[in-house]
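[1] Generate coordinates for the sequence data below:
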Amino acid sequence: MEADQQSAAAHQGHGNALAQVYNHIILPLANRQDKVTQVAWGIRDFEQRFGRKPEGMWLAETAVDTETLEVLAEFGIRFTVLAPRQARAVKAMQHGIWEPVSEHNLKTTRPYAIHLPNGRTIFVFFYDGEASRKVAFNHLLDDGKTFAAELLSRFVADEEPQLVHIATDGESYGHHHKHGDMALAYCLDELNRNEGVELINYAAFLDRFPPSYEVQIEENSSWSCMHGIERWRSDCGCNTGGNPTWNQAWRRPLRDALDWLRDRLIPIFEDQLSPFVSDVWKVRNYYIEVLMDRSEANVDRFIFSNCGAQLMGSQKTKFIRMLEMQRQALLMYTSCGWFFDEVSGIETIQILQYAARAIQLAESETEFVLLPDFLKLLERVPSNKSEIVHAAQLFRTEIEPVQLSLTKVGMHYAVASLFDEFPETLTICNYRAESEDYERIDAGSLRLAVGKTKVFSNITFSEKLFYFSVLYLGQNHIIGNASSTMNDGQYAAMKQKVMAAFEASNVSEVIGHMQDFFGEDKFSLWNLFKDEQRKVIREIVDQDLEHDRDSYRKIYNRNYNMMQVLRSANLPVPSLFLQNLFLVVNEDLKHCFDHTRLYPARIEKLAREVQTWNVPLEKEEIAFAAGKRIMLEIRDLPNKKGDLKAVTNLNRTLNVLHRLAIAPDWWQAQNELFKAWPFLLSAQGETSVPVHQKEYERALNQLASAISMEIPQTNYVSFTTLNA
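    This is a model prediction of the structure:
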């Protein structure tokens, strides 16, 4: 937001940021109402983030048709950006004739106007395709100076103003090309120093140089499919090349299945919401206000403003569930579900999860049964993998087991409560659990919890009461039972019996009483949600590791003097003693960088231990911890107002790392020191303890050299915008 505000200040109110369609749907494949909602949500989300109305909007995969442009224009969007091959013909605005163009002869340095059938006009910029491909695929981001030279070479001798611009995926700058963001920054620095070039953004360029040419687009086209938009609905041949023997025959039947589901959900939505509001689709467009603020107070405001009355209980739940059903129906069209090579990929699994949630919400509020017919359609969606027959099999093995319900959340809470510090109230994903009665007792490594708990959905405001008893037997062994039909009397009796048996150390009797009251159905650690499951497993492992560390430390302390004696007498030191020492020294070195400040004397002492005992170091882990801590220490230097000791401590630490041949990745530390450099030099004289400036500057220069950073010059160029 701050960067956009700065760019707007530099460009007569035109900010750099563009809006985008809400969840990356291929809009030409969407019905008109979905197009409208995607644009409406995208605009409102942009306004919330940037504090202004967007002038431009990025289309997912630049996929476009005329109806999409009409919707953009109806919402006041001035322009979008397309690939050069999406232009079909151009002509001069006044008296020109239409001339066919291709990506090879389209002039991309000018904007174009499109006069739409609905009487509105929208403007289009076609990015430089060749330069964009070089950034994405030809290593142009290996060198910022070469990057700048490439962009400058795109200008041609011409009288009209020219806009040279590219369009690339954001992950090019760091993910696909390491330190690509630094190459981009260097490129912009180079361009900014060039007197013949001005950095500008699309909206500002439009205002200063209105289009004098019109364009006709290629209908149903995109930037990432040579066949238009077929990549998202057919086996067109576009894929990532992961396996040349695979096909994408699954794409068409998958879209057909989701279209079938979308069309079944439409009348359900209209029928269920029409008793509350007159225009259900208008309410869906406004639902973005809830997505941006899920607080119950805001949801109540939203309901009242649209219904004219406050809904309570089951009516409120129905109202929100139907809108959530529609949100899931939009999310299930997210484009990456079709982009890759195989239906069992995580992207396609994700859109099927959205579809499953939409079905679950529809069936929870109506008599409709959608899942069996949906699964029959998924049986027509083939997989390239021999072990997977079709997408219906995937649905049953990958989707259904992880579908959430209040009951599953309750079981999750019961297990998680065993390990939480304050288990009476827990927030779990979009749910919260509040115990009306809860008790947990320990006996050595064993633990028992019983409770009467109500689970709430923070999204749909549904709720469910359940009773549980859960027993932890150590490590990964957990046995639990739960019921939503037990009454308070049965619960009190169960609680008394299982706790008495537990306190008597009779584990088999505890399990027997749990079965008597709850039946045979059990849950365990594996009923936890995946993220929480990993969290609990890590907690269990950390507890065991902490216990083991204490044991290793005791062995180290007990035997260290004897090891010294053996070494002095030139006698062999037992390998068990050495292995224990190796572990303790490595753990201590890593722990040195976990503190909120550096203790170089401690690090130096450990380095002497390393050299004395020839300790094999876990260099990768130590380097990671050291790099992060040193980056944070450098970030904090401007707050220390010329503190020589802080810089000296860093230099002492870096000297030890060098001696131990531990080499962290310094790029983050380099960035922090570069940003801090002018503040560090100006900090002289601000400290209450006088510091000799030359000594402080020498220490700073030593620090820069130690992290392989070139000493910044005294004249600084500050960029406040990154313009298109």
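[2] and the next element down the chain from the longest helix that the chain contains?
    For the chain, the helix reaching the highest residue count under DSSP state H is reported as helix 530-568. Going down the chain from helix 530-568, the next helix or strand is helix 575-592, by DSSP states H and E.
[3] Show me the contact partners of that next one.
    Outside helix 575-592, the residues within contact range by CB atoms under 8 Å, 6 or more residues apart in numbering are 549, 552-553, 555-556, 559-560, 562-563, 598-599, 602-603, 606, 609-610, 613, 615-618, 621-622, 625. (C-beta placed from N, C-alpha, C; glycine too.)
[4] What is the subsequent helix or strand relative to it?
    Counting by DSSP H and E, what follows helix 575-592 is helix 600-613.
[5] so what does that next one touch, helix or strand wise?
    Secondary-structure packing of helix 600-613 (3 or more CB pairs under 8 Å, 6 or more residues apart in numbering; DSSP states H and E): helix 575-592, helix 644-659.
[6] Identify all contacting residues around the shortest one.
    The set of residues that contact helix 644-659 without belonging to it, under CB under 8 Å, 6+ apart, is 598, 600, 603-604, 607, 623, 626, 630, 633-634, 636-637, 640, 663-664, 691, 695-696, 699-700, 702-703, 706-707.
[7] Just the CA atoms from that helix would do, formatted as PDB, please.
    Taking C-alpha atoms only, helix 644-659 is exported to PDB below (Å, rounded to 0.1, in the frame of the first residue of the first chain):
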ATOM      1  CA  LEU A 644      30.800   0.200  18.500                       C
ATOM      2  CA  LYS A 645      30.400  -2.900  20.700                       C
ATOM      3  CA  ALA A 646      27.400  -4.100  18.700                       C
ATOM      4  CA  VAL A 647      29.400  -4.000  15.500                       C
ATOM      5  CA  THR A 648      32.500  -5.500  17.200                       C
ATOM      6  CA  ASN A 649      30.400  -8.400  18.500                       C
ATOM      7  CA  LEU A 650      29.200  -9.000  14.900                       C
ATOM      8  CA  ASN A 651      32.700  -9.000  13.600                       C
ATOM      9  CA  ARG A 652      34.000 -11.300  16.300                       C
ATOM     10  CA  THR A 653      31.100 -13.700  15.500                       C
ATOM     11  CA  LEU A 654      31.800 -13.600  11.800                       C
ATOM     12  CA  ASN A 655      35.500 -14.200  12.400                       C
ATOM     13  CA  VAL A 656      34.600 -17.400  14.200                       C
ATOM     14  CA  LEU A 657      32.300 -18.600  11.500                       C
ATOM     15  CA  HIS A 658      35.000 -18.000   8.900                       C
ATOM     16  CA  ARG A 659      37.500 -20.000  11.000                       C
END
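[8] buried stuff in it?
    Residues of helix 644-659 classed as buried: Leu644, Ala646, Val647, Thr648, Asn649, Leu650, Asn651, Thr653, Leu654, Asn655, Val656, Leu657 (neighbour count, 16 or more other CB atoms under 10 Å).
[9] how distant is whatever helix or strand comes next after it from the center of its chain?
    Downstream of helix 644-659, the first helix or strand assigned by DSSP H and E is helix 667-682. Here the centre of helix 667-682 is set off from its chain's centre by 28 Å, with CA atoms, centre = their mean, to the nearest Å.
[10] Same question for helix 667-682: list its buried residues.
    If you call a residue buried by 16+ other CB under 10 Å, then helix 667-682 has these buried ones: Trp667, Gln668, Ala669, Gln670, Asn671, Glu672, Leu673, Phe674, Ala676, Trp677, Leu680.
[11] Then stretch 345-356?
    Glu347, Thr348, Ile349, Gln350, Ile351, Leu352, Gln353, Tyr354, Ala355, Ala356.
[12] Out of those residues, list just those in strands.
    When the buried residues of stretch 345-356 are checked against strands (DSSP state E), there are no matches.
[13] okay, these in CSV with pLDDT next?
    What follows is those, written out as CSV (pLDDT from 0 to 100):
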residue, pLDDT
Glu347, 97
Thr348, 97
Ile349, 97
Gln350, 97
Ile351, 97
Leu352, 98
Gln353, 97
Tyr354, 97
Ala355, 98
Ala356, 97
